[in-house]
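> all I have is the shape, not the residue letters:
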Ligand SMILES: Cc1cc2nc3c(=O)[nH]c(=O)nc-3n(C[C@H](O)[C@H](O)[C@H](O)COP(=O)(O)OP(=O)(O)OC[C@H]3O[C@@H](n4cnc5c(N)ncnc54)[C@H](O)[C@@H]3O)c2cc1C
Ligand code: SF4
Ligand code: SF4
């Protein structure tokens, strides 16, 4: 489980690097860079923090990943989660921060 | 050219090491209820650091209407087979509800029933949206008076003199700066220890573990080195989790009521018992009997339930939702495979951690511990971490500047003690420089970490041995860990992140050394899987006591203590 940063979408704001609980994200030529992909906990903090959707989250092949990626964008209290499957299909799930878990 | 760090010195009345759940809440309490100045040193950033980074799924410890704090004590004591501190459990349980109410005022969303009461999940849980638990806590702290936060500063060692704490030293993980932090009172809130054992996914996803891989047992290690007493490390915590993603299962088990079933579809949980450790043990046994894999039976749940589960996991372990969607095997169609994790040392779930008095002060004067770092109080979870942060803070306020002490008293004020403390600090900082200037180290921290995990897995009851061990294996583990400790004295670091890795390795090795000594001292099997000694496979009433430890001259000395029955416990002897 780890992340990939899409350089072309990164504006170099540094928010992701700031919040990562393992301080795993660095900078190369003013763009965020995942310095330690194998040390990622998969907490998605950086993905939530990025305002430009530059960070994609994926499952490693060793834990059953088959190439799908996940991103999330924030719109007030709504988190729009988007899973882009390896076959090109997209599933979105919206979660309202004001709604509690039902379980 | 020899590399040298800049040195910055800071002072505060209270230093909090670790800006996680307990640390942030202690700082908030101090700000609201006293005039003391507070410094929080956090190795990452308080917004998303520690256990709460991804979110939590429920409040696991809450006193529901019709139940009492004493009921909670009785439940937790039974689940831990009696090796708990009633005074600690009761004082935490008495505050579960008040800290929950405070979190709700800070913006935490809690589910209510039609009468406006919190909606219960089982007997002790309430349902929340815990995705932004940590950001809510962090933003409250950012507005608090007299609190300053040092993000990205990793603490390595405590400064002590004559059995009393006077501060700590650490370094920035981003800049070439070392810190000397002076304070009369210090709280250890660094969480528990992960990464001691070979993890479930040792390859690319090695850090896809349940407990945060960045909580490395730093607080235990610095406490041991400073002479603080620890308790019950031998009660390891092994979590039953979703296979591969290691996502929590409580939402499926307690929330959706799914049963544990083996590959034949038989419900096996009743066969082995229902305590936390027995649920893990049963799963291990079923696999050994050839009845694996084991699952939580979710198939057949409604589409609506399935959608709710997908959302609930996004609020705490989004990898599981990704896995369901990506594989097409959604929980309504396929049961969820489960496995036991590698063992952790974590005082929020089991009873391991600092040996503290009822007010959470350790055996080192002025040094407190709260949350996963503190022992004796299992199943305290997130509300217990908040409660203990508060209990410690209130005691600090009561005891700060005891009667007779001058108002102006400064940690380093007295001439001789000040000189000794400055010397101590310089010695620790010299160690940073030594590591940074190490020429030609034979091994990297990463290599030694892997070696440590392999030793613990094979000889101290890891996943590979189905969590079992015997006396011979523990002796081998002890010997190999001692060798690795020796080797860890010669690793180098070319940047600050590597320096962090070196310290994390050393912390874990010392925790392993203590853990092995604890495992060797409880010559019985008190908890299946958590502490399964094959040479002593039965429970023995002679071990109805605490196994405690201190670190002296490079060795762990074990102290056996009688069970505490009093309502209030004070440290007496050593
Ligand atoms: C994945 C997961 C899910 C959970 N889900 C639930 C749940 O649903 N309900 C529930 O009630 N409980 C849950 N828990 C338990 C609960 O979250 C924890 O018990 C509690 O948050 C622990 O708080 P803490 O302050 O002790 O540790 P943390 O909140 O982890 O704080 C420790 C802090 O110390 C910092 N730190 C570590 N070492 C150093 C150092 N050397 N220098 C400076 N800083 C350092 C860390 O970065 C971290 O910020 C969960 C735990 C985990 C791991
Ligand atoms: S997912 Fe979490 S651990 Fe991984 S890089 Fe992002 S913030 Fe860091
Ligand atoms: S948060 Fe996004 S835009 Fe900002 S530095 Fe990180 S990847 Fe780039």
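Structure received. The model shown is predicted, which means the values in this text are computed figures rather than measured ones. Ligands and ions are numbered 1, 2, ... in the order given.
> what residues does chain B have near ligand 3?
Near ligand 3, no residue belonging to chain B is found when assessed by C-beta under 6 Å from any ligand atom. Just so you know, the C-beta spots here come from the backbone N, C-alpha and C atoms, and that holds for glycine as well.
> swap that for chain A, please
Of all the residues in chain A, those in contact range of ligand 3 (C-beta under 6 Å from any ligand atom) are A:5, A:10-16, A:32, A:49-50, A:52, A:54-55.
> residue numbers of chain B in contact with ligand 1?
Neighbours of ligand 1 within chain B, by C-beta under 6 Å from any ligand atom: B:17-23, B:41-44, B:49-52, B:56-61, B:154-155, B:189-191, B:210-212, B:214-215, B:218, B:248, B:348, B:371-373, B:381-382, B:385.
> what's the burial count for residue B:203?
Burial measure for residue B:203: 12 neighbouring residues, criterion other C-beta atoms under 10 Å in any protein chain shown.
> show me what contacts it?
Contacts here follow C-beta atoms under 8 Å, 6 or more residues apart in numbering or on different chains; on that basis residue B:203 touches A:60, A:62.
> helix, strand, or coil at it?
Going by DSSP: H, G, I helix; E, B strand; the rest coil, the secondary structure assigned to residue B:203 is coil.
> report the separation between it and ligand 2.
Residue B:203 sits 16 Å away from ligand 2, taking C-beta to the nearest ligand atom, to the nearest Å as the criterion.
> likewise for residue B:108?
Taken as C-beta to the nearest ligand atom, the span from residue B:108 to ligand 2 is 21 Å.
> number of nearby residues for that residue?
Applying other C-beta under 10 Å, we find 19 residues neighbouring residue B:108.
> that one against residue B:135, yeah?
No. Taking contact to mean C-beta atoms under 8 Å, the distance of 10.6 Å between residue B:108 and residue B:135 leaves them out of contact.
> which residues of chain A fall in strands?
Using DSSP state E, the strands found in chain A span residues A:2-5, A:25-28, A:31-34, A:55-58, A:69-75, A:78-84, A:90-96.
> can you tell me which of the ones you listed is packed in deepest?
Each of these was assessed for mean neighbour count using mean count of other C-beta atoms under 10 Å in any protein chain shown. The highest is strand A:55-58, with a mean of 23.
> on that earlier part again, export the strands of chain A to CSV and tack on distance to chain B?
Formatted as CSV, the entries for the strands of chain A read as follows, by distance: least, C-beta to the nearest C-beta, whole Å:
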stretch, distance to chain B
strand A:2-5, 7
strand A:25-28, 8
strand A:31-34, 13
strand A:55-58, 7
strand A:69-75, 5
strand A:78-84, 5
strand A:90-96, 5
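> closest point of the stretch 1-150 of chain B to ligand 2, which residue?
The stretch 1-150 of chain B approaches ligand 2 most closely through residue B:53 (6.4 Å), counting by C-beta to the nearest ligand atom.
> which residue is the nearest non-sequential neighbour of that residue?
With sequence-adjacent residues excluded and distances taken as C-beta to C-beta, 6 or more residues apart in numbering or on different chains, residue B:53 is closest to residue A:43, at 3.9 Å.
> ok, residue B:144 next?
Distances taken as C-beta to C-beta, 6+ apart put residue B:31 closest to residue B:144, at 3.8 Å, once the chain neighbours are dropped.
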